[in-house]
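Visitor: sequence and computational prediction follow.
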Amino acid sequence: MTINLPLQAPSAAGLIWQVIRNGEAKTPAERDAVLADPGFGNHFTDHMVDICWSEKGGWHRPRVTPYGPISLDPAAAVLHYAQEIFEGMKAYRHADGSIHTFRPFENAARMQRSARRMALPELPSEIFIESLKQIIAVDADWVPSAPETSLYLRPFMFAKEAFLGVRPAKKVAYYVIASPAGAYFPGGVEPVNIWLSTDYARAGKGGTGAAKTGGNYASSLLPQAEAYEKGCQQVAFLDDAGNLEELGGMNIVLVKRDGTLVTPESPSILEGITRDSILQLATDRGHAVERRAISLDEWRSGAESGEIVGAFACGTAAVVVPIGRLLGTDFEIVHTGAEASELALSLRQELTDIQYGRVEDRHGWLTRLDA
Ligand code: PLP
Ligand code: COI
C-alpha cells in the first residue's frame, strides 16, 4: 500500500517533485538489523527516485516512489543494445547526525560525459544533486552511523524506448537507488591480490572505457571470474600497447621508493573521483604525482629493482586498499614492504576523515544532502 503526499513546491531545478511514500517500508527493527551488517550491494532502502526524459518533453515527472521492480517493454532498447550509464557515490553520516556526500558535482559532470558517449541525454547537475537530496529526504534513517559505513547511492539512466532499430532512444529513464554499505572487500583494508588479464581487454581505443556504462562491467565479468579462480579479488587490464589501465571496478596507483605516486593516464579508463582526491591529498603532503602511461614492464622491473615499493586500488566502493600481489600467467609481483601500504592507509584515513566530517573539509568537497 502506498500513501500519496501532496505535490511539493518546485525544487531549485524548477521541477515539481511528487513523493509517493512506501506504505510497506521496513520497520525500524528490520532496518537496524540490515544496518548492523550491511556488506556491499545486498540491501536497498524503501524508496527510489525516478525521472523521465523524452525527446519532445525533456526531463519531466520527477518523483520519489516505493523501491520496487521497474516495468519495461520487452523491446526497451537497453535490453538489446545496452544504452545505459550509472554513477556510484556515498552519503556519510557525521557525528552531529547531518548527512553529506562527496564531490557530487564531479559525479554529475562524469555522468554527463558518459551520457554524451552513450548518446543519452545529459542530466543537468542541479537535477542530479536534487535527486540525491530527494532520496535522502525520505530514506535518511537508512544512512548508517557505525564507523566506516555509509549509504551507497547509485544513480543510473537507461534507454526505455520500445524500438528495435539501432539508434539513440527517444525515451529514457533516470533512477536513483540507495544501498547501505560496509566494506567492499570481505577482508576490509587487508591487501588484495590482483589477477592481470592478458586474454581479455576492458576497453579499446575509441571505445567506451571512459564512460561509466554497464557494458564495460559486463566485459569484465569473465576475467573477474578467472581472478576469483586464481585467488584474486580484482582483475587488472592492459591496453593494446601493454600499458596498465585499471581494475574491473577501481583505479590503480603505484608507489615509488621516493614517495612519488604514479597512475595511468589513458583516454579509455574511468576518471575516478577517489583517485583524483587521494592524489590531491598526497600533493598537499608534498608527494610528487605523475599521471602518465605506465607499462607492465615498468611495474615488473621497478618492483624487482626496489624502485616501485607498492601499489593500491581506489574507488568509491572500496575507498583505498593496498595491493599485495599482481599475478600474471607467467609472473608474479609481490609487494611485502609496509611503506606503500602505510601510505595508502594513511591517505585512506585522511580521505575518510574528510568524508565523515572528522577533520576540516579544506577543499570544499562535501555537499550536505539533508538540508
Ligand atoms: N574505475 C572503474 C572501472 C570503476 O568502476 C570505478 C568506480 O566507480 C573507479 C575506477 C573509481 O571511480 P570513483 O573513484 O569515482 O568511484
Ligand atoms: C564504485 O566504486 O562506485 C563502483 O561503481 C565500482 C563497483 C565495483 C561497485
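Guide: Thanks, I have the structure now. Ligands and ions are numbered 1, 2, ... in the order given.

Visitor: next one, pLDDT for the residue in the stretch 51-200 of the chain positioned nearest to ligand 2 please.
Guide: Closest residue of the stretch 51-200 of the chain to ligand 2, CB to the nearest ligand atom: Gly88 (2.2 Å). For the C-beta atoms, the positions are set from N, CA and C on the backbone; glycine is no exception. Looking at Gly88, its pLDDT is 98.

Visitor: neighbours of it, how many?
Guide: 17 (other CB atoms under 10 Å).

Visitor: next: Leu196.
Guide: Residues lying near Leu196 (other CB under 10 Å) number 22.

Visitor: so what's it up against?
Guide: Val235, Ala236, Leu238, Leu296, Leu326, Leu327, Gly328, Thr329 (CB atoms under 8 Å, 6 or more residues apart in numbering).

Visitor: quickly note the distance from the first one to Gly272.
Guide: In this structure, Val235 lies at 16 Å from Gly272, with CB to CB, to the nearest Å as the measure.

Visitor: related to what we said a few turns ago, which of the contacts of Leu196 are buried? Put it as a PyMOL command.
Guide: To isolate the buried subset of the contacts of Leu196 in PyMOL, counting by 16 or more other CB atoms under 10 Å, use the following:
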select buried, resi 235+236+238+296+326+327+328
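
Visitor: and the longest helix for the protein?
Guide: helix 338-355 (DSSP state H).

Visitor: and the helix or strand just after that helix, what does it pack onto?
Guide: Counting by DSSP states H and E, the element after helix 338-355 in chain order, helix or strand, is strand 366-368. In terms of contacts (3 or more CB pairs under 8 Å, 6 or more residues apart in numbering; DSSP states H and E), strand 366-368 is packed against strand 99-102.

Visitor: one step back: from the contacts of Leu196, which is closest to Ile252?
Guide: The closest of the contacts of Leu196 to Ile252 turns out to be Ala236 (CB to CB; 6.7 Å).

Visitor: and Glu245, helix, strand or coil?
Guide: strand (DSSP: H, G, I helix; E, B strand; the rest coil).

Visitor: surely it and Lys205 touch.
Guide: No: taking contacts as CB atoms under 8 Å, Glu245 lies outside contact range of Lys205: 11.5 Å.

Visitor: which residues do those two both contact?
Guide: Common neighbours of Glu245 and Lys205 are listed as Asp239, Ser268 (criterion: CB under 8 Å, 6+ apart).

Visitor: which one of the two has more residues nearby?
Guide: Glu245 (21 against 11).

Visitor: the nearest residue to that one once chain neighbours are set aside - how many residues pack around it?
Guide: Distance criterion CB to CB, 6 or more residues apart in numbering; nearest residue to Glu245, sequence neighbours excluded, is Phe237 at 4.7 Å. Using other CB under 10 Å, Phe237 has 24 other residues around it.

Visitor: and what of His94?
Guide: Neighbours around His94, by other CB under 10 Å: 16.

Visitor: contact residues of the stretch 1-150 of the chain facing ligand 2?
Guide: Taking CB under 6 Å from any ligand atom, the part of the stretch 1-150 of the chain that reaches ligand 2 is made up of Gly88.

Visitor: can you name the residues of the stretch 1-150 of the chain that neighbour ligand 1?
Guide: Residues of the stretch 1-150 of the chain lying near ligand 1 (CB under 6 Å from any ligand atom): Gly88.

Visitor: for the stretch 1-150 of the chain, what spans make up the helices?
Guide: In the stretch 1-150 of the chain, the helices defined using DSSP state H, counting those that start in this stretch lie at 28-36, 77-81, 104-117, 125-139.

Visitor: the contacts of Leu196 in helices, which ones?
Guide: Going by DSSP H, the helices hold Leu296 from the contacts of Leu196.

Visitor: ok, Val143 to Lys90 distance?
Guide: 9 Å.

Visitor: overlap of the contact sets of those two?
Guide: Shared contacts of Val143 and Lys90, defined by CB under 8 Å, 6+ apart, comprise Ser150, Leu151.

Visitor: could you say what helices and strands the longest helix of the chain packs with?
Guide: Judged by 3+ CB pairs under 8 Å, 6+ apart, the packing partners of helix 338-355 are strand 99-102, strand 251-256, helix 273-284, strand 308-315, strand 319-327.

Visitor: right, and the helix or strand after the second one?
Guide: Following the chain from strand 251-256 toward its C-terminal end, the next helix or strand by DSSP H and E is strand 261-264.

Visitor: enumerate the positions of that next one that are buried.
Guide: Buried residues in strand 261-264, counting neighbours by 16+ other CB under 10 Å, are found at Leu261, Val262, Thr263, Pro264.

Visitor: how about a markdown table for the residues you listed, with distance to Gly249 added?
Guide: Shown next, in a markdown table, are these (distance: CB to CB, whole Å):
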| residue | distance to Gly249 |
| --- | --- |
| Leu261 | 20 |
| Val262 | 21 |
| Thr263 | 16 |
| Pro264 | 15 |
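
Visitor: now the residues you listed in TSV, with distance to ligand 2?
Guide: Putting these into TSV (distance: CB to the nearest ligand atom, whole Å) gives the following:
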residue	distance to ligand 2
Leu261	19
Val262	21
Thr263	16
Pro264	17
